[in-house]
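J.: Got a sequence here, can you model it:
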Amino acid sequence: MRIYRLRQFGLEHLILEEAPSPSPGAGEIVLDVQAMSLNYRDLLVATGQYNPKLKLPATPLSDAAGVVSAIGPGVTRVRVGDRVTSHFVAGWLDGPFQQEYVATTLGTPGAGLAAEQVVLPAEAVVPIPEGYDFAQAATLPIAALTAWSALQTVSKVGPGQTVLTLGTGGVSIFALQLAKALGARVIITSSRDEKLVRARQLGADHTINYRTHPDWQQQVLEFTGGVGVDVTVENAGPGTLDRSLKATRAGGTIALLGALTGRQGTVTTGLILMKRLHIAGIMVDSRAVFETLIRFLVENRLRPVIDRVFDFGQLPEAFRCMAAGQHFGKIVVRR
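T.: As a prediction, this is how the structure comes out:
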């Protein structure tokens, strides 16, 4: 089988190699990967920014969908032939988040999915939603579940509420789709007007070009009668956090889930105190919540927005597409 390995950090060092087909151990399965989707985390892993001390060689990618081709001793919850998608935080099955779950995340330190076959814990997969193909299913484990966690686990978005989401990448577009299905109004930002047109076609109520309106929080306040939004899906990090604090209503929630502008920076804590804001860090969510999301997707007939599909041999090109930031929704690699 073919597998990608990083022997040094950098996309130029992401090499496709041949390897023996794997065999499952107790409690494990072999997944024949049919499609994978890219997340910004994967790009950071490949370029050495996520964990510079990562032991190399390593195989990247956290999200994939495919067919179970073998099961190990003791596996009963899935069968050979099942169509499944991966669950990113493999050890988080249900209940509150625990720190030890971080060690079970796929795409480092857990198994990387940029391979034709991969061994996973049997607990780390869920059935593909009815009507979804492999490419669509591969977009769900991180981006869709992160957006759902922001809108439902750390807040309870519903009719009459307003959601702000930043940019038009995978999480933001899922947040737009899910928030609209939950009955909320949505404000979305982008640096490109053509992306904002597409966002309006998906149901966005208000759009803001943050290049032409760098103080975009002022427009958010105008759209909300000076009050601010109920929930901000904040995926950019320290470079935008202060603006998000200003754009969110008193007592509102900021779901902090990304680091596009870096991992460290200054924040005006007085805004948090004086507005009694709730800031919730998002580490995707549990498998039980993933299963709830899948039911919601099926019931509401929602489909992921896939911008580009690359062949398996084009994974470095797919990463470069992500690094350029020109995509709208998800980038998928398919066998």
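
J.: Just the C-alpha atoms of the host helix or strand of residue 42, please, in CSV.
T.: For residue 42, the host element (DSSP states H and E) is helix 40-47. What follows is helix 40-47 as a C-alpha-only set of coordinates in CSV (Å, rounded to 0.1, in the frame of the first residue of the first chain):
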residue,chain,number,x,y,z
TYR,A,40,-5.3,23.8,9.1
ARG,A,41,-3.9,21.7,12.0
ASP,A,42,-2.6,19.2,9.4
LEU,A,43,-0.7,22.0,7.6
LEU,A,44,0.9,23.1,10.9
VAL,A,45,1.9,19.5,11.6
ALA,A,46,3.5,19.1,8.1
THR,A,47,5.4,22.4,8.4
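
J.: what does it rub up against?
T.: Counting by Cβ atoms under 8 Å, 6 or more residues apart in numbering, the neighbours of helix 40-47 from elsewhere in the structure are 6, 9-11, 14, 50-51, 54, 58, 60-62, 107-108, 142, 169, 258, 260, 319, 322-323. To be clear about C-beta, it is placed using only N, CA and C from the backbone, and glycine gets the same treatment.

J.: Quick one, which of those residues are buried?
T.: 6, 9, 11, 14, 50, 54, 58, 60-62, 107-108, 142, 169, 258, 319, 322 (16 or more other Cβ atoms under 10 Å).

J.: Filter those down to the ones in strands?
T.: Under the assignment DSSP state E, the buried ones among the contacts of helix 40-47 contribute 6, 14 to strands.

J.: Just the ones in helices from the buried ones among the contacts of helix 40-47, please.
T.: Applying DSSP state H to the buried ones among the contacts of helix 40-47, the entries found in helices are 319, 322.

J.: and residue 58, bridged to which residues?
T.: When bridges are called by DSSP bridges, residue 58 pairs up with residue 6.

J.: Now do the same contact list for it.
T.: For residue 58, the residues meeting the contact criterion (Cβ under 8 Å, 6+ apart) are 5-6, 45, 108, 112.

J.: Which of those residues sits closest to residue 80?
T.: Of all the contacts of residue 58, residue 112 has the smallest distance to residue 80: 22.8 Å, by Cβ to Cβ.

J.: helix/strand/coil for that closest one?
T.: Applying DSSP: H, G, I helix; E, B strand; the rest coil to residue 112 yields a three-state assignment of coil.

J.: what's the neighbour count on it?
T.: Using other Cβ atoms under 10 Å, residue 112 has 24 neighbouring residues.

J.: ok, residue 277 touching residue 254?
T.: Yes. Residue 277 lies in contact with residue 254 (Cβ atoms under 8 Å); the separation is 6.2 Å.

J.: where in the stretch 151-300 of the chain is pLDDT low?
T.: Along the stretch 151-300 of the chain, segments meeting pLDDT under 70 span 259-265.

J.: And the helices in it?
T.: Remark: helices of the stretch 151-300 of the chain, listed N- to C-terminal, are 170-181, 193-201, 216-223, 238-247, 269-274, 287-299; assignment by DSSP state H, counting those that start in this stretch.

J.: from the chain's centre, how far out does stretch 147-155 sit?
T.: The chain centroid and the centroid of stretch 147-155 are separated by 13 Å, computed with Cα atoms, centre = their mean, to the nearest Å.

J.: actually stretch 132-143, not the one I typed
T.: Stretch 132-143 sits 10 Å away from the centroid of its parent chain (Cα atoms, centre = their mean).

J.: which residues sit against that stretch?
T.: Contacts to stretch 132-143, defined as Cβ under 8 Å, 6+ apart, come from residues 34-37, 39, 41, 62-66, 83, 85-88, 106, 128-129, 169-171, 174, 284, 290, 293-294, 297, 303-304, 306, 309, 329-330, 332, 334.

J.: Same question for stretch 146-157.
T.: Stretch 146-157 is contacted from outside by 163, 171-172, 174-175, 178-179, 182, 184, 230-231, 233, 253, 255, 257, 278, 280, 282, 284-285, 289, 292-293, 296, using Cβ under 8 Å, 6+ apart.

J.: distance between the ends of stretch 78-90?
T.: Its first and final residues considered, stretch 78-90 spans 15 Å by Cα to Cα, to the nearest Å.

J.: what number of residues lie near residue 201?
T.: For residue 201, the number of neighbouring residues by other Cβ under 10 Å comes to 8.

J.: centroid residue for the chain?
T.: A centroid search over the chain (Cα atoms, centre = their mean) returns residue 143, at 2.1 Å, as the residue closest to the centre.

J.: how many neighbours does the residue nearest to it when sequence neighbours are not counted have?
T.: When the adjacent residues along the chain are set aside, residue 143 lies closest to residue 170, with 3.6 Å between them (Cβ to Cβ, 6 or more residues apart in numbering). Other residues lying near residue 170 total 31 when counted by other Cβ under 10 Å.

J.: From what I see, residue 170 and residue 328 are in contact.
T.: No. Using Cβ under 8 Å, residue 170 is not in contact with residue 328, being 9.4 Å away.

J.: Surely residue 136 is within a helix?
T.: Yes. Residue 136 forms part of a helix when assessed by three-state DSSP.

J.: so how far is residue 119 from it?
T.: In this view, residue 136 and residue 119 are 24 Å apart by Cβ to Cβ, to the nearest Å.

J.: Enumerate every residue touching the residue of the chain positioned farthest from its centre.
T.: The outermost residue of the chain relative to its centre, with distances by Cα atoms, centre = their mean, is residue 73 at 31.7 Å. Taking Cβ under 8 Å, 6+ apart as the contact definition, residue 73 lies against 25-27.
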